[in-house]
Each structure stands twice: as structure tokens, then as C-alpha cells.
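Q: Predicted model and sequence below, questions to follow.
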Amino acid sequence: MTDSNKRWTLAERPQGRPDSDTFELQEDPVPDPGPGEALVRTLYLSVDPYMRGRMSAAESYADPWDVGETLHGAVVGEVVAEHGTTHETGDVVTAELDWAEYATAPGSELHGIDPDAAPISTALGVLGMPGRTAYFGTREVADVDAGDTFVVTGAAGAVGSVAGQIASLTGARVVGFAGSDEKVRFLEEELGFDAGINYETTEDYHTALQEAAPEGVDAYFDNVGGPITDAVFRSLNVDARVAVCGQISQYNAESMPTGPRKLATVIQTRATVQGFLVSDFAPRFGEATTRLGQWVRNGDITYRETVTEGIESAPDAFLGLFDGENIGKQLVKIGEYED
Ligand code: NAP
Ligand code: FER
């Protein structure tokens, strides 16, 4: 084990789009675990869009990071030392830890994962927070049913790719918006979506959606907001459900764009528009993980991961989310796992 530990801190609060000035790499000795703590060697780090919110001082559902603070996020790692915890050296765990090569945490905050049940990285994607978000957002909030037309934005991403497949399994017609032809091929050819729309090369989203969803939209899983959402709202059917999961097109905005928004359609259609946080469903996380695991194992759900290598690449991996560089879950591989 090396003595040195690289970690990323918040160098400054970004105005608008974050960039390399937002982050600072620090290097110091590997920490020792205190009583009741474990030392974890990071194998995979998850970068997620919500982290943009934590870089701002504005109030949100997640507390802002302080300038100078070590960034943190969901990690899969290996316990390499522990001091009176229920974990053993060699255990693979997931936890909220530092963007670092090594981190200490109370043993009670580490959740063991079975490396023989599924690739360990899936605990951060299809079998982790994004998969659970897709599971509850699609089934409980968008309340998708057989015969519905289901539309999802950010469709080739970690949440969207799973949401669309769950809707398909339910028997819905599934249409996804994504930002490249490669992503549209992924949706249609690998994930079994009925249609994909490349919003980067489509001028008139409304007409494209009328073609892809000729019977209108019954359930809409929104990951991005903005003009695509305006177009989807124009196609909502009576009693449609809109699950507002994310609004990534607005996360770097310095001021909120004004309309015209399409809320008049909500009057006409009596649609239900509901925001949600995956944590609202915390008591049912076990159910989601079990079900998603079955679907992945029997091939009903496939998943993709985009992986950058090394702790140094973490900021670029995060920034790439805003440029659509990922297909499926964006991860940073920080250490090798040897069985
Ligand atoms: P992701 O979809 O894997 O990655 C983000 C994707 O957003 C990019 O790949 C990019 O794909 C797309 N994007 C970026 N800027 C865009 C823009 N201006 N317009 C349209 N699309 C844009 O990320 P994720 O982790 O699955 O998260 C997806 C959304 O769900 C995010 O909004 C996130 O905040 C939200 N979320 C919410 C919860 C919750 O509890 N409510 C939990 C998890 C995630 P393209 O190439 O298609 O542009
Ligand atoms: C959570 C609730 C929401 C969480 C993440 C989110 C890490 C993400 C929200 C978003 O991306 O908008 O408990 O845990």
C-alpha cells in the first residue's frame, strides 16, 4: 500500500458551468482509521449530476460543500484496515466517501456488497442509486402501465436507460430523447426502445415526437427539462403522469430562463406533475435492488457503463455529464479489484 493519498477538494464555487478551476487535487498521507472506523481503498467513484447542486451555496436537498472541503460521493471500495468494526479486511463495501484513493469512515456507514452476485461497479449504477431512481420514478411516480406511451429524456444515461427498459417490461411503448446518433442506436438496438430521438440534430421536437408517439404521451419521465420538456408537454394525454426526476439542462444556468412553458396543457389534460427524490422511497430500497438484480441476471435489463481511469480523471468525468460524454452510468475507476 502506498503512503500517499490523492483527493479532490472544491477550489471555488462555479459560476455557471464548472471547469477545471472548480477542483483542486491535494495529496497527503493515507489516514489511519480511528476506533469504530475502517480504511477503504477506493475502487470505483460515482460522479452524478446532483453534485453540481452541492457546489453552489444555494439551498437544496443536499447541503452545499464548503470551499476547500474534500468532495464526496458514492464509492465502491475494499476494506484495507479496520479498528473494531463489523467489517473485515478484504470486504467490498459501498458508502458515501471522499473523492480520494483512500478514505476512513465509521464502520456503521459502510454497506457490504457481494462481489460474486454482480460486477461490483453495478452497485453505483443499475443496482445502485440511479437504478433505484429509475425503478420508483417509472413505476410509482410515472405510474406506467401496459399500453401506455412512455417518454424519457436523458434516455441513454444511468437513470434514463433503466427507466425506459422498466417501462418496456411493463408493456409500454417507449420513446427516448438523447444527444447523439450513437445513443439513439443504443436505445433502439440494445435497450429495445420503440423509438429514439436525437435532440441535437432534430429541429422540431414536437413533430418528431408526434411521429414517434402518434397516440400521445401517457407517462413522461423527465431528466432534463428545458425545450424538450416543453415539447413533451404539448403531447400529453388526458390523465398523463409526469415524473420530474431531474432538470440537468438548467443546472449550470446563471439565471432561470422564462417561458413560454406549456403548463396550459396540464389544465386541458388534468395531468399530474410530481417531483420526487429517490430517498423518498428509502424504506423500499431492498425491494428495488432485489428486483433490478433479477432483471439484470435474467437479461431483461441491460446496462452500460462509461469508465474513466484514475483519481486524476474524476473532474473530467463529472464535467462530461454536462456534455453527454457518457452512455449509461459514468464512473471513475480508481483502484484494481483482485478477487
Ligand atoms: P446521466 O443521464 O447518466 O448523465 C447526464 C446526461 O444528461 C448526459 O449524458 C447528457 O446526455 C444529458 N444532458 C446533459 N445536458 C443536457 C441538456 N442541456 N439537455 C438535455 N440533456 C442533457 O445522469 P443520471 O445520473 O442518470 O441523472 C439523470 C437525471 O436524473 C439528472 O437530471 C439527475 O439530476 C436526476 N436524478 C434525480 C434523482 C432524484 O432522486 N430525483 C436521482 C438521480 C438522478 P445527452 O447526450 O442525451 O445530452
Ligand atoms: C438522494 C436523493 C436524490 C441522492 C441523490 C439524489 C445521493 C439525486 C438527485 C438528483 O440528481 O437530482 O438521496 O443520494
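A: Received, thanks. Ligands and ions are numbered 1, 2, ... in the order given.

Q: For G137, grab phi and psi.
A: Main-chain dihedrals, G137, degrees, to the nearest 10: phi -60, psi -40.

Q: which non-adjacent residue is nearest it?
A: Distance criterion CB to CB, 6 or more residues apart in numbering; nearest residue to G137, sequence neighbours excluded, is A243 at 4.6 Å. Every residue, glycine included, has its C-beta placed from N, CA and C.

Q: That neighbour: which element?
A: Assessed by DSSP states H and E, A243 sits inside strand 236-244.

Q: which parts of that strand are buried?
A: L236, N237, A240, R241, V242, A243, V244 (16 or more other CB atoms under 10 Å).

Q: Counting by contacts, list what it packs against.
A: Other helices and strands packing on strand 236-244, by 3 or more CB pairs under 8 Å, 6 or more residues apart in numbering; DSSP states H and E, are strand 217-222, helix 264-269, strand 272-275.

Q: Quick check: which of the ones you listed is nearest to D339?
A: Closest approach to D339 among the helices and strands packed on strand 236-244 (CB to CB): strand 217-222, 36.5 Å.

Q: Need the contact partners of the helix or strand following the closest one.
A: Later in the chain than strand 217-222, the nearest helix or strand by DSSP H and E is helix 226-234. Residues lying outside helix 226-234 but in contact with it, judged by CB atoms under 8 Å, 6 or more residues apart in numbering, are 151, 153, 177, 199, 205-206, 209, 217, 220, 222, 242, 247, 249-250, 257, 260-263, 265-266.

Q: Now do helix 226-234 against strand 217-222: the angle between them, please.
A: Helix 226-234 and strand 217-222 meet at an angle of 160 degrees, taking axes from the mean of the first three to the mean of the last three CA atoms, to 10 degrees as the criterion.

Q: Over to the closest residue to ligand 1 within the stretch 51-200 of the chain: give its phi and psi.
A: In the stretch 51-200 of the chain, the residue found nearest to ligand 1 is G157; the distance is 1.8 Å by CB to the nearest ligand atom. The phi/psi pair for G157 (degrees, to the nearest 10) reads phi -90, psi -170.

Q: about what we covered before: please export the C-alpha coordinates of the strand holding A243 as CSV.
A: In CSV, the C-alpha atoms belonging to strand 236-244 read as follows (Å, rounded to 0.1, in the frame of the first residue of the first chain):
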residue,chain,number,x,y,z
LEU,A,236,-49.5,14.8,-23.0
ASN,A,237,-52.8,12.8,-23.0
VAL,A,238,-55.7,13.2,-20.6
ASP,A,239,-54.7,12.0,-17.1
ALA,A,240,-51.0,11.8,-18.1
ARG,A,241,-48.4,11.5,-15.3
VAL,A,242,-45.1,13.5,-15.3
ALA,A,243,-42.3,12.3,-13.0
VAL,A,244,-39.9,15.2,-12.6
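
Q: Any residue of that strand touching ligand 2?
A: No. Against ligand 2, strand 236-244 shows no contacts by CB under 6 Å from any ligand atom, the least distance being 9.8 Å.

Q: now that strand, how far from the chain's geometric center?
A: 22 Å (CA atoms, centre = their mean, to the nearest Å).

Q: what ranges do the helices span in the stretch 151-300 of the chain?
A: 158-170, 181-185, 205-212, 226-234, 264-269, 285-297 (DSSP state H, counting those that start in this stretch).

Q: Quick one: residues contacting the residue in the stretch 101-250 of the chain positioned nearest to ligand 2.
A: As assessed by CB to the nearest ligand atom, ligand 2 sits closest to G246 within the stretch 101-250 of the chain, at 4.6 Å. Contact partners of G246, counting by CB under 8 Å, 6+ apart, are P49, Y50, G154, V159, D222, N223, V224, G225.

Q: mind giving me JSON lines with those and columns for pLDDT?
A: Output for these, formatted as JSON lines (pLDDT from 0 to 100):
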{"residue": "P49", "pLDDT": "98"}
{"residue": "Y50", "pLDDT": "97"}
{"residue": "G154", "pLDDT": "98"}
{"residue": "V159", "pLDDT": "99"}
{"residue": "D222", "pLDDT": "98"}
{"residue": "N223", "pLDDT": "98"}
{"residue": "V224", "pLDDT": "97"}
{"residue": "G225", "pLDDT": "95"}
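
Q: Farthest pair within those?
A: So, these by CB to CB: farthest apart are Y50 and D222, at 15.0 Å.

Q: now the strand holding A243: mean pLDDT?
A: Mean pLDDT, computed over strand 236-244, is 98.

Q: Spell out which residues of the protein are next to ligand 2.
A: Residues of the chain lying near ligand 2 (CB under 6 Å from any ligand atom): D48, P49, Y50, M129, G246, L277, V278, S279.

Q: now for these, which pair is the farthest apart?
A: Once CB to CB is applied, those give P49 and S279 as the farthest pair, at 15.4 Å.
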